[in-house]
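Asks: Pasting the sequence and the predicted coordinates here, then a few questions.
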Amino acid sequence: QVQLVESGGGLVQAGGSLRLSCAASGRTYANYAMGWFRQAPGKEREFVSAISWSGGSTRYTDSVKGRFTISRDGAKSTVYLQMNTLKPEDTAVYYCAATTTSYFGGVDSRNYDYWGQGTQVTVSS
């Protein structure tokens, strides 16, 4: 079993920055490919970004390219999402996801086996 705990959400003005963190625990010797998804009110959950277990591969949805950066620490058990130049349309609950069965989870939420509880990001105009 893998537990994911997100932190770093909050309220920020448009143009501001936030850094989300997601700490994975529970399977000490597993490699986690991880991703971030978000869900705005009344909308379906959507892919934001993903990173391979080695950190060597990343992917972003078009709307956040150039503004968001995904990374992970040297121990590979924590992933970060640095969000710059935030826009009101970035407002959503952000979820961290992980898979231990694939090198890279990619954009499909069905590839991920574990999910965090979500953290709210609100961007005011």
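Replies: Perfect, I can see it now.

Asks: Name the helix or strand for the residue nearest in space to the middle of the chain, please.
Replies: The chain has W36 as the residue nearest its centroid, 2.4 Å off, counting by CA atoms, centre = their mean. Counting by DSSP states H and E, the element that carries W36 is strand 33-39.

Asks: Contacts for stretch 56-63, please.
Replies: 46-52, 68, 70, 89, 103-104, 106-107 (CB atoms under 8 Å, 6 or more residues apart in numbering). (Each C-beta comes from the backbone N, C-alpha and C, glycine too.)

Asks: List the buried residues for that stretch?
Replies: 59-61 (16 or more other CB atoms under 10 Å).

Asks: Format the residues you listed as a markdown table; extra columns: pLDDT.
Replies: Compiled in a markdown table, the buried residues of stretch 56-63 are given as follows (pLDDT from 0 to 100):
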| residue | pLDDT |
| --- | --- |
| R59 | 97 |
| Y60 | 98 |
| T61 | 98 |
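
Asks: Closest one of the residues you listed to S77?
Replies: Using CB to CB, R59 is the member of those that lies nearest S77, at 20.2 Å.

Asks: so that closest one bridges to which residues?
Replies: Bridge pairing for R59 (DSSP bridges) gives the partners A50.

Asks: G15 versus that one, what's the distance?
Replies: Going from R59 to G15 by CB to CB, to the nearest Å gives 25 Å.

Asks: what would the contacts of stretch 56-63 look like in CSV with pLDDT and neighbour count?
Replies: CSV is the format used below for these (pLDDT from 0 to 100; neighbours: other CB atoms under 10 Å):
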residue, pLDDT, neighbour count
E46, 97, 14
F47, 98, 19
V48, 98, 24
S49, 98, 23
A50, 97, 26
I51, 95, 24
S52, 92, 20
F68, 98, 20
I70, 97, 21
E89, 97, 11
Y103, 88, 13
F104, 91, 18
G106, 93, 18
V107, 95, 15
